[in-house]
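J.: Here is a sequence with its predicted model. Questions after.
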Amino acid sequence: MISKKLNEIFNCNSLFVKEINVPKLSNKNSIPKIIPNYVFEESKLNDVLIYLAGTYSDGLYLYGPQGCGKTSFINQIASRLNWSVEECTLCNKSDITELIGFNTIIDGQLRYVYGPLTRAMINGSILIVNEIDTVSAGDLTILNDVIEGRPLTILSNNGQKIYPHPCFRIIATANTNGQGDHTGQYIGTRLFNAAFLDRWRFMKFEYSKDDFEFAILKRSHKTIRDETIKLLVKFANVIRANFAEENNTELTISTSVSTRILLKILSIYASIEDLSMQRAISIAFLSRYSDSEQLYLNRMMSDIFGLDPYTEKMSQNILEKQDKLKEDNTKEKEEVVVKKTRRKTSK
């Protein structure tokens, strides 16, 4: 193992953990790529480094809304520590063999291929299990022993026992905390039992505060004016404030907007000359909303960014479409009334 001085690596003098042991580099391809302008939130950085410095027979469970940077946060820490990462994304049809390994034919011979869990245990890597709350706790019981530091027994490989490397760590990411989804945003997520949840320490991720989110966006797109980025953050906060999960007023937005989406908007805006911010927003994600939501968001864009011909035209098209639907519904009701009147007259 190699000792790393954290204050120097992260250029921060207020870290609780000063040094950390990482495995010797064995496979450069498993080291995440560094994003030079990545911004770390200090409190979260401290909590993750405390876990990586030494587990207490537990895993680290990160949960929060989509696109708030859970997985990238871990990858960027690992990239700076030169700590290898094994990553997999689960779904409701995932099989445990995807994590452990499986038998397959290679060069005409039956061979056993290790999965990300097994490779991480052998090499002392960080295993990132994304979307863990899409799989039932019963299917994940194999993780209980390895989280607590016990060996993994691979029955399909002649009962081979894999003992965990001292640097092996397991980190899960999810949109829920294992207690179910109360927002209606994450259909298909599961409830975990208490025995499974007891084996994790939890960290809640949320969308960053204004100044921090501004720093993230600015470092990723240095050529874009500060004022433009501040207005985009303001627009995002309008959506978040009216998101159904956080607002009990009649006017609610069905889906919030993530930092990931904001980065996408800025990438589109910066890549095409003379493209308005309103048009970039529309291209990036606006069509996911209903017509009435789009009308509201178009008005917000006009208030924040100013009038834009494309946005105005889009709103006009939606209004015309709604008027046409109302007209068709009125005609349909009138036809029904006429038919009923004729039936009564004929009788």
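T.: Sure thing, it's come through.
J.: Quick check: phi and psi on residue 162?
T.: phi -110, psi 120 (degrees, to the nearest 10).
J.: okay, now it: neighbour count?
T.: 21 (other CB atoms under 10 Å). All C-beta atoms are positioned from the backbone trio N, CA, C, and that covers glycine.
J.: Which stretches in the chain count as helices?
T.: 6-10, 42-53, 70-81, 97-100, 116-123, 142-147, 194-197, 210-220, 226-241, 259-271, 277-284, 291-305, 309-346 (DSSP state H).
J.: Of those helices, which is nearest residue 133?
T.: helix 194-197 (10.8 Å; CB to CB).
J.: Return the distance of that closest one from the chain's centre.
T.: 23 Å (CA atoms, centre = their mean, to the nearest Å).
J.: List the contacts of that helix.
T.: 137, 140-141, 144, 178 (CB atoms under 8 Å, 6 or more residues apart in numbering).
J.: from those, which would you call buried?
T.: Listed as buried from the contacts of helix 194-197 are 137, 140, 178; burial here means 16 or more other CB atoms under 10 Å.
J.: JSON lines for those residues, including distance to residue 187?
T.: Shown next, in JSON lines, are these (distance: CB to CB, whole Å):
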{"residue": "137", "distance to residue 187": "18"}
{"residue": "140", "distance to residue 187": "20"}
{"residue": "178", "distance to residue 187": "16"}
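J.: May I ask which of those residues comes out lowest in pLDDT?
T.: Within these, pLDDT reaches its minimum at residue 137, with 76.
J.: hmm, back to that, can you list the helices of the chain in a markdown table and add mean pLDDT and distance to residue 87?
T.: Below are the helices of the chain laid out as a markdown table (pLDDT from 0 to 100; distance: least, CB to CB, whole Å):
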| stretch | mean pLDDT | distance to residue 87 |
| --- | --- | --- |
| helix 6-10 | 91 | 21 |
| helix 42-53 | 93 | 15 |
| helix 70-81 | 95 | 7 |
| helix 97-100 | 87 | 11 |
| helix 116-123 | 94 | 7 |
| helix 142-147 | 89 | 15 |
| helix 194-197 | 88 | 21 |
| helix 210-220 | 87 | 21 |
| helix 226-241 | 91 | 27 |
| helix 259-271 | 92 | 17 |
| helix 277-284 | 90 | 25 |
| helix 291-305 | 88 | 34 |
| helix 309-346 | 67 | 39 |
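J.: Show me the one of these that comes nearest residue 173.
T.: Nearest to residue 173 among the helices of the chain is helix 70-81; the distance by CB to CB comes to 4.4 Å.
J.: follow-up on the earlier one: just curious, which of the contacts of helix 194-197 is nearest to residue 263?
T.: residue 178 (28.1 Å).
J.: Burial check on residue 14, number of neighbours?
T.: Residues lying near residue 14 (other CB under 10 Å) number 9.
J.: which residues touch it?
T.: 42, 46.
J.: which phi and psi does it have?
T.: phi -110, psi 20.
J.: And the pLDDT for the closest residue to residue 144 other than its chain neighbours?
T.: Closest residue to residue 144 apart from its sequence neighbours, by CB to CB, 6 or more residues apart in numbering: residue 199 at 6.0 Å. Note on residue 199: pLDDT of 92.
J.: Would you mind confirming that residue 242 is in contact with residue 253?
T.: Yes - using CB atoms under 8 Å, residue 242 is in contact with residue 253, at 4.5 Å.
J.: thinking again about what came up before, state the distance from the residue nearest to residue 144 to residue 69.
T.: Using CB to CB, to the nearest Å, residue 199 is found at 24 Å from residue 69.
J.: Of the two, give the one with the bigger neighbour count.
T.: residue 69 (23 against 18).
J.: what's that one in contact with, if anything?
T.: 205, 208, 259-260.
J.: What subset of these is buried?
T.: 205, 208, 259.
J.: now these in a markdown table, with distance to residue 122?
T.: Listed next are these as a markdown table, based on distance: CB to CB, whole Å:
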| residue | distance to residue 122 |
| --- | --- |
| 205 | 29 |
| 208 | 36 |
| 259 | 35 |
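J.: on that earlier part again, may I see the contacts of helix 194-197 organised as TSV, with distance to residue 320 added?
T.: Formatted as TSV, the contacts of helix 194-197 follow (distance: CB to CB, whole Å):
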residue	distance to residue 320
137	51
140	51
141	57
144	59
178	47
